[in-house]
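Colleague: sequence? don't have it. structure:
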């Protein structure tokens, strides 16, 4: 087996060239990037097209130079040479959920050094799904990223049937032959149940979401099973669908408080958006958080850390998940016949005021 391409090129630091001087002298070319990185233009091309044959150290050095010089490949010329569009399609849903703009921002930042642009389709609308399918048919996208995939997504089925390079991030679909990246939703939700139990909460509540989403299904299963294992009390009237939304979470806690039985002293919402709604419902009902009620969410959106909320939540390592997703997609474009990969990251509970800043027991 041969060595990875670029392994023998400039093993140390790149030549002492000034990226700023090159950038201000005129448009940066691939030849400039190659000189700065101490590699050949062919190696630069392979890195930008996601070739798995390039040595990791060489790839990192080339991408560092690309970022430092703000190199922009000529998309039209590249498309003519490679029959590729230079475009990655991203299929989303519920774009109003603050989690997804954060995810998209990370995706755009990771694609840009590779000279790839991103086009967005909203699967919540018919035109969004149809546009994604048309792009697949017309080869206007080199690959697809699904951020909210479900088993009944027509665009996902179509992409798999056409063997389009795709990666699922955040939500996954079992038994589908494609690369997938998510976090340990079930285990992290179970840890939240243990966190409640460790701090004396015996009556708990659960704000759910539609289980066609793998994130909801896994978080519900992990929390519910651990509640049963620990002997906590989860009345069926304290399990309410919050539909992944602020309004749904607010209405869910209102129903729990109006159920006519002792209310829960700790509530887990399967995403932050519905957890924020629960916090506001508690405030409107005169229920003090955290003195009378603990609330925990999931996703660690930016708003969760705001002083008005200070929501304890489970954090997914979005930057790392995106990094791996883009690497998998570029590798899939370069080598479409490799076996699919499923990469799962651990989650972390971030403690804030909504649980009285009580640390999670190790």
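Modeller: Everything's here; your move. Predicted model only: the values in this text are computed from it and were never measured.
Colleague: all helices of this protein, in order?
Modeller: With DSSP state H, the ranges of helices along the chain come out as 19-24, 30-37, 41-48, 56-69, 75-82, 99-111, 126-137, 154-161, 185-198, 214-230, 246-257, 272-284, 318-334.
Colleague: give me the domain ranges for the protein.
Modeller: With domains defined by automatic domain parsing, the chain comprises 19-72, 83-182+317-345, 185-316+349-355.
Colleague: so for the shortest one, mean pLDDT?
Modeller: In this model, domain 19-72 has an average pLDDT of 78.
Colleague: how much distance is there from that domain to the middle of the chain?
Modeller: Its chain's C-alpha centre and that of domain 19-72 lie 27 Å apart, by CA atoms, centre = their mean, to the nearest Å.
Colleague: repeat for stretch 287-295
Modeller: Worked out by CA atoms, centre = their mean, stretch 287-295 lies 30 Å from the chain centre.
Colleague: could you find the closest non-adjacent residue to residue 233?
Modeller: If the residues on either side of it in the chain are set aside, residue 233 comes closest to residue 203, at 5.0 Å by CB to CB, 6 or more residues apart in numbering. Every C-beta, even on glycine, is put in place using the N, C-alpha and C of the backbone.
Colleague: check the burial of that neighbour by counting its neighbours.
Modeller: Neighbourhood size, residue 203 [other CB atoms under 10 Å]: 17.
Colleague: who's in contact with it?
Modeller: 232, 233, 235, 238, 262, 263, 264, 265, 266 (CB atoms under 8 Å, 6 or more residues apart in numbering).
Colleague: how near is it to residue 262?
Modeller: Distance from residue 203 to residue 262, counting by CB to CB, to the nearest Å: 6 Å.
Colleague: do the same with residue 339
Modeller: For residue 339 relative to residue 262 (CB to CB), the value is 52 Å.
Colleague: neighbour count: the two, which is higher?
Modeller: Neighbours per residue (other CB under 10 Å) separate residue 339 from residue 262, with residue 262 holding more: 10 against 6.
Colleague: can you read off the pLDDT for the more buried one?
Modeller: In this model, residue 262 is scored at 96, pLDDT.
Colleague: winner for burial among the helices of the chain?
Modeller: helix 272-284 (a mean of 24; mean count of other CB atoms under 10 Å).
Colleague: that one: how far from the chain's middle?
Modeller: The answer for helix 272-284 is 23 Å, by CA atoms, centre = their mean.
Colleague: tell me what that helix is packed against?
Modeller: Secondary-structure packing of helix 272-284 (3 or more CB pairs under 8 Å, 6 or more residues apart in numbering; DSSP states H and E): strand 204-208, helix 246-257, strand 266-269, strand 294-299.
Colleague: closest to residue 31 out of those?
Modeller: strand 294-299 (43.6 Å; CB to CB).
Colleague: what's in contact with the closest one?
Modeller: With CB under 8 Å, 6+ apart, strand 294-299 has contacts from 99, 185, 188-189, 192, 195-196, 199, 201, 215, 219, 265-276, 278-279, 282, 289, 304, 311-316, 349, 354-356.
Colleague: apply 7 Å and report the result again.
Modeller: Here strand 294-299 makes contact (CB atoms under 7 Å, 6 or more residues apart in numbering) with 99, 192, 196, 201, 219, 265-272, 275, 278-279, 282, 289, 304, 311-314, 316, 354-355.
Colleague: can you check stretch 138-151 too?
Modeller: Contacts for stretch 138-151 (CB under 7 Å, 6+ apart): 84-85, 87-94, 100, 103, 107, 119, 123, 135, 156, 159, 164-171, 173, 212-213, 325, 329, 332-333.
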